[in-house]
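Enquirer: Please work out how this folds:
(one chain, ligands or ions: 1)
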Amino acid sequence: MAGEKWVLMATAQTPTNIAVIKYWGKRDEELILPVNDSISVTLDPSHLCTITTVAVSPAFEQDRMWLNRKEISLSGARYQNCLREIRSRANDVEDKEKGIKIAKKDWEKLHVYIDSYNNFPTAAGLASSAAGFACLVFALANLMNVKEDQSKLSAIARQGSGSACRSLYGGFVKWSMGKEKDGSDSLAIQLADEKHWDDLVIIIAVVSSRQKETSSTSGMRETVETSLLLQHRAKEVVPKRVLAMEEAIKNRDFVSFAQLTCSDSNQFHAVCLDTSPPIFYMNDTSHRIISLVEKWNRSEGVPQVAYTFDAGPNSVLIARNRKTAVSLLQRLLFYFPPNPETDLNSYVLGDKSILQDAGIKGVEDIESLLQPPEINSPFQKFQGDVSYFICTRPGKGPVVLPDSQALLDPKTGLPK
Ligand code: DP6
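Expert: Numbering: from 1, shown residues only. Sure, this is the predicted structure:
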């Protein structure tokens, strides 16, 4: 093969996911094995996704990776574990059109180039590592003709980042913690696809934050070492909650879904507070959003919207249907209008048709929004406290994209 110059590529798109029953705490740091099951909703990849191209060529002298157009190191254990696990499952590959033949045994001698890109701002603190590792594993499995099913691939993605295993499926996904020491049964299972409950609308508030946040990895390590509440959560609370959440999803029971989602987010943040030293992920804006939703839900008698927060101040709001999502967006824009220099087009991203339904065509329409009826006390607006909103919905799992959408050049294998 030496001296040959061909490049063979595969490109994939993978969604992000938001946990409604949270993963927080590992029982094995190396293999990334959690202390409890978790459940997530996959977000529509047209609004939030990672695209990754992987390429192989006899001309490549080492493995290399670019993330959002910058070269990064692949030396970390998490990348190495994913690469090793996928390589060990590679099979014969033949591309008759290009006249390329790679035998199973050749894969360990060949190097790969990886180019990965998020279609959403990385600095926003949205779960980019979940989509990123899921996409890396899915694209490599495609290139190397790995025959494992999606669940087995999820157990490999898990070794890149725990939450990544849930991005191998669309819709509603459970990461089963497993019992085995080697982690072979700690993998994702699809509970229902994205069409099962397509009334749901998701609005993400990307909250402005000046604070440097504790990474999930170190945060959960400190929680495992110091929090007694985590032990109670993992042993007593989550097992029951996971069963109830599976039922709620199966029956499209929004009331239970919302109660469980909000309680679990709140308990996750309580566990962070129970850590020594305490970890604060939510800020005043996050708390204001919780209070807005709680007041509205209470005034309606039944929950209209569920909220959940990961390891940062951003709020993920799940509305029971489109009509509710329209009212939610009106409320959010009323309290959190954009800064004067921000235009509407860059303030509400994703599915902008919800804005039209809300009767908002320009920033001036935000100014004329009426105070929500459930608020009878003097109100305050918090201009600029939200950077922007993303309107989205539950979405599909990973897909393979044609070579025409590859991020790497088909001749050199370098970023385009
Ligand atoms: C709060 O998957 O980012 O988003 O496994 O160390 O890479 P590592 O952590 P990560 O943690 C995600 C934590 C969470 C909750 C969740 O997604 O379940």
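Enquirer: helices or strands up against the helix or strand containing residue 328?
Expert: For residue 328, the element it lies in under DSSP states H and E is helix 322-335. Packing partners of helix 322-335 (3 or more CB pairs under 8 Å, 6 or more residues apart in numbering; DSSP states H and E): strand 201-207, helix 284-300, strand 315-319, helix 353-357, strand 386-392. In this view, the C-beta of every residue, glycine as well, is placed from N, C-alpha and C.
Enquirer: If we use 6 Å, what do you get?
Expert: helix 353-357 (3 or more CB pairs under 6 Å, 6 or more residues apart in numbering; DSSP states H and E).
Enquirer: buried residues in the next helix-or-strand element following the helix it packs on?
Expert: The helix or strand immediately downstream of helix 353-357 is helix 363-367, counting by DSSP H and E. Neighbour counts over helix 363-367 (16 or more other CB atoms under 10 Å) mark 363, 366 as buried.
Enquirer: hmm, back to that, what's the average pLDDT for the helix holding residue 328?
Expert: Helix 322-335 carries an average pLDDT of 97.
Enquirer: ok, residues contacting that helix?
Expert: 201, 304-305, 319, 354, 357-358, 366, 369, 372, 381-382 (CB atoms under 6 Å, 6 or more residues apart in numbering).
Enquirer: filter these to the buried ones?
Expert: 201, 304-305, 319, 354, 358, 366, 369, 372.
Enquirer: Would you mind trimming those residues to those in range of the ligand?
Expert: Counting by CB under 6 Å from any ligand atom, the subset of the buried ones among the contacts of helix 322-335 that neighbours the ligand is empty.
Enquirer: Which two among the residues you listed are spaced furthest apart?
Expert: 304 and 366 (20.8 Å; CB to CB).
Enquirer: what's the distance between the nearest residue to residue 17 once chain neighbours are set aside and the ligand?
Expert: Nearest non-adjacent residue to residue 17, counting by CB to CB, 6 or more residues apart in numbering: residue 40, 4.1 Å away. Noted for residue 40: a distance of 7 Å to the ligand, by CB to the nearest ligand atom, to the nearest Å.
Enquirer: ok so, going back, now the buried ones among the contacts of helix 322-335 in TSV, with pLDDT?
Expert: Shown next, in TSV, are these (pLDDT from 0 to 100):
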residue	pLDDT
201	98
304	95
305	98
319	98
354	95
358	93
366	91
369	89
372	87
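Enquirer: of all the residues you listed, which comes closest to residue 263?
Expert: Nearest member of the buried ones among the contacts of helix 322-335 to residue 263, counting by CB to CB, is residue 305, at 14.3 Å.
Enquirer: Checking my notes, residue 375 in a helix, right?
Expert: No - counting by DSSP: H, G, I helix; E, B strand; the rest coil, residue 375 is not found in a helix; it is coil.
Enquirer: okay, now the nearest residue to it once chain neighbours are set aside: neighbour count?
Expert: Nearest non-adjacent residue to residue 375, counting by CB to CB, 6+ apart: residue 295, 6.8 Å away. Using other CB atoms under 10 Å, residue 295 has 15 other residues around it.
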